[in-house]
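# Following is a predicted model, sequence given first.
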Protein chains: 2
Amino acid sequence: MTATADKLDRVSRRQVDKFEERRRELASAALLTLSELGYARTSLREIAQNSAFSHGVLHYYFRDKNDLITYCVRQYKAQCAQRYDQVVAESPTADALAAGFADAMIATLREDGHMHRLWYDLRSQALFTSSFRSDVLEIDELLEQMIWRVVSRYAELAAVAEPKSSALTYALFDGVFQHALLRHLAGLDVAPTLHSDVLCVLGTVVPRDTDPAVPEQVPATTT
Amino acid sequence: MTATADKLDRVSRRQVDKFEERRRELASAALLTLSELGYARTSLREIAQNSAFSHGVLHYYFRDKNDLITYCVRQYKAQCAQRYDQVVAESPTADALAAGFADAMIATLREDGHMHRLWYDLRSQALFTSSFRSDVLEIDELLEQMIWRVVSRYAELAAVAEPKSSALTYALFDGVFQHALLRHLAGLDVAPTLHSDVLCVLGTVVPRDTDPAVPEQVPATTT
DNA sequence: AAGACGTCTTGACAGGTGTCAAGATTTTCT
DNA sequence: AGAAAATCTTGACACCTGTCAAGACGTCTT
């Protein structure tokens, strides 16, 4: 009986894989549509139109619209929290890390601005719909850890004690990025401001008072 | 002819006043519904049901749904930017201002959390719908000025030079508040954290290095 | 008092939505 | 190859949406 069991297992495993693969494919199409139209204006038919299938197939792979969107959020989670790790790994000095971090944020703004506005949209939905909250809080935690990896490595390179709480640090950078994203999408050139803002926040979040050569704070254009 | 003109003017003025008054009334009902359901789930019929009128009247006072929501956003704007001015006026010392500011933020979280989640929702919509952007950016500017009044007054009381840019300062506090709001609505008790976070950010945004009596909050624990 | 005007309700419309079931099509297994 | 199962399409359903027009109601002017 083990032979039959193995075969059945192989078969069902393969089917599950294919099933999961198509789920991912459809979720990708859904994420594309959502990031283009926003949560409020995205319908299942529109999602299907951005895929290779017709609208009925969505209910073959997902129970609900809620099920689909929750799956999308989780898929988004898996891909979004690994953006700055390369910068962390490749920066030899604290200053290089700071500059690389600021540049990476600007690149995120330009290249993944649409995905990030979707993230902010979904996080706003979580303020109303409790069913989204746990997933959103999970993603928030991942992003928080991602920022923390940057900041704590920065403190390590600068040979300074670790900074404030991880949650507060994340909230600060998140506020700065969100501010920049809105103005970027409005057509403004926010790259220089965002760059200096990131350096400034980084400088205050982990103060480098142990270095006697640095007299003042990071120079920022004062209005 | 001036008599008739005056009378007509009086009459039309009164009618305009009544017209505007009802618009405000309906916009209030709409704001209530929006803050309860969120932008994506709010319909005109639901708005009317939260008012004393039927759904048809909305198109008597507003051209569009967009027109209504834009009017709502502007009405929200008028009321939201005057919250912390009392704290600014009544705080004699820098420390009192800081504590009052933190307390006021907690009070805002508790009492006006629903309105603020609507604000974040609408600001997210502005990331997708360009027609909302100008109004949202205007409100953002008002809130920025509100925060700036607090922070610059704090610097004045502490006899320290003015801090970083107004825009960056606002982005930081906004990030902190948004972070707290999500967790507050998720059922967590964020009041102590928010309080200490606000003090911490205030302390780093306007550094009080001239005062030798105040110890720094940064612990020297090395991991 | 009577008509004019502002205000509000009702009911309909065209279109869009999520959902589902029946069947066509493709893939897989024996 | 033929049966069985998985997959996909089509079309329908009930409901909801924004919008508008026709008319009812009330208020004010003359």
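Here it is on my side, so go on.
# who in chain A is up against DNA strand D?
Residues of chain A lying near DNA strand D by Cβ under 7 Å from any atom of the strand: A:15, A:18-19, A:22, A:52-57, A:60-61. C-betas here are computed from N, CA, C, even on glycine.
# What is the burial count for residue A:166?
17 (other Cβ atoms under 10 Å in any protein chain shown).
# OK, contacts around it?
A:144-145, A:147-148 (Cβ atoms under 8 Å, 6 or more residues apart in numbering or on different chains).
# Return the distance of it relative to DNA strand D.
Distance, residue A:166 to DNA strand D, using Cβ to the nearest atom of the strand, to the nearest Å: 40 Å.
# remind me which residues of chain A are low pLDDT?
Counting by pLDDT under 70, chain A contains low-confidence residues at A:1-16, A:209-223.
# Find the residue at the geometric middle of it.
Using Cα atoms, centre = their mean, the residue of chain A that lies closest to the mean C-alpha position is residue A:80, 3.8 Å off.
# doesn't residue A:142 make contact with that residue?
Yes. With contacts counted by Cβ atoms under 8 Å, residue A:80 reaches residue A:142, the gap being 7.5 Å.
# three-state assignment of the residue in chain A positioned nearest to DNA strand D?
DNA strand D sits closest to residue A:56 of chain A, with a gap of 2.5 Å, by Cβ to the nearest atom of the strand. Taking DSSP: H, G, I helix; E, B strand; the rest coil as the rule, one finds residue A:56 in the helix state.
# What residues does residue A:39 make contact with?
A:69, A:118, A:121-122, A:125, B:40.
# how many neighbours does residue A:81 have?
Residues near residue A:81, counting by other Cβ under 10 Å, number 18.
# domain parsing for chain A?
Listed by automatic domain parsing, the domain ranges of chain A are A:2-71, A:81-205.
# Could you say which of the ones you listed is packed most deeply?
Neighbour counts (mean count of other Cβ atoms under 10 Å in any protein chain shown) averaged over each of these peak at domain A:81-205, with a mean of 19.
# first to last residue in that domain, what's the distance?
Start-to-end span of domain A:81-205 (Cα to Cα, to the nearest Å) is 21 Å.
# Is DNA strand C within reach of that domain?
No. Domain A:81-205 lies out of reach of DNA strand C by Cβ under 7 Å from any atom of the strand, never closer than 12.4 Å.
# any idea how far residue A:106 lies from residue B:171?
Residue A:106 is 15 Å from residue B:171, where distance means Cβ to Cβ, to the nearest Å.
# same thing with residue A:207?
Distance, residue A:207 to residue B:171, by Cβ to Cβ: 20 Å.
# what residues are up against residue A:110?
Contacts for residue A:110 (Cβ under 8 Å, 6+ apart) come out as residue A:184.
# Just the element for it, please.
Residue A:110 is located in helix A:94-111, with elements delineated by DSSP states H and E.
# so how far is the helix or strand that that helix is followed by from its chain's centroid?
As assigned by DSSP H and E, the chain's next helix or strand after helix A:94-111 is helix A:113-125. The chain centroid and the centroid of helix A:113-125 are separated by 9 Å under Cα atoms, centre = their mean, to the nearest Å.
# Just name whatever secondary elements helix A:113-125 is in contact with.
Secondary-structure packing of helix A:113-125 (3 or more Cβ pairs under 8 Å, 6 or more residues apart in numbering or on different chains; DSSP states H and E): helix A:2-37, helix A:65-80, helix A:133-157, helix A:166-185, helix B:113-126.
# how far off helix A:94-111 does the second one point, in degrees?
Regarding helix A:65-80 and helix A:94-111, their directions subtend 140 degrees when assessed with axes from the mean of the first three to the mean of the last three Cα atoms, to 10 degrees.
# do helix A:65-80 and chain B meet at all?
No. With Cβ under 8 Å from any Cβ of the partner chain as the criterion, chain B is not reached by helix A:65-80; the gap is at least 11.3 Å.
# for that helix, packing partners?
helix A:2-37, helix A:44-49, helix A:113-125, helix A:133-157.
# Pull the residues that contact it.
A:23-24, A:26-28, A:30-31, A:34, A:39, A:44, A:47, A:58, A:62, A:115, A:118-119, A:122, A:131-132, A:135-136, A:138-139, A:142-143.
# okay, the angle between it and helix A:133-157?
10 degrees.
# Tell me if helix A:65-80 is near DNA strand C.
Yes. Using Cβ under 7 Å from any atom of the strand, helix A:65-80 reaches DNA strand C at A:65-66.
# In space, what's closest to residue A:53 - neighbours in sequence excluded?
Distances taken as Cβ to Cβ, 6 or more residues apart in numbering or on different chains put residue A:26 closest to residue A:53, at 7.2 Å, once the chain neighbours are dropped.
# gap between the one you found and residue A:57?
For residue A:26 relative to residue A:57 (Cβ to Cβ), the value is 7 Å.
# Equivalent analysis for residue A:32, please.
16 Å.
# Stretch A:142-157 near chain B anywhere?
No. Using Cβ under 8 Å from any Cβ, stretch A:142-157 never reaches chain B; the gap is at least 9.0 Å.
# check contacts around the residue of chain A at minimum distance from chain B.
Closest approach between chain A and chain B, counting by Cβ to the nearest Cβ: residue A:175, at 2.1 Å. Each residue near residue A:175 by Cβ under 8 Å, 6+ apart is listed here: B:171-176, B:178.
# okay, the domains of chain A in TSV with distance to residue B:154 next?
Listed next are the domains of chain A as TSV, based on distance: least, Cβ to Cβ, whole Å:
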stretch	distance to residue B:154
domain A:2-71	37
domain A:81-205	16
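# Mind putting the helices and strands packed on helix A:65-80 into TSV with distance to residue B:185?
Converted to TSV, those look like this (distance: least, Cβ to Cβ, whole Å):
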stretch	distance to residue B:185
helix A:2-37	22
helix A:44-49	28
helix A:113-125	11
helix A:133-157	8
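# Identify, from the contacts of residue A:39, the entry nearest to residue B:160.
residue A:121 (38.9 Å; Cβ to Cβ).
# So the closest one is in contact with residue B:127, correct?
Yes. Residue A:121 is within contact range of residue B:127, at 6.8 Å (criterion: Cβ under 8 Å).
# Check the contact lists of these two and give me the overlap.
Both residue A:121 and residue B:127 are contacted by residue A:38, under the criterion Cβ under 8 Å, 6+ apart.
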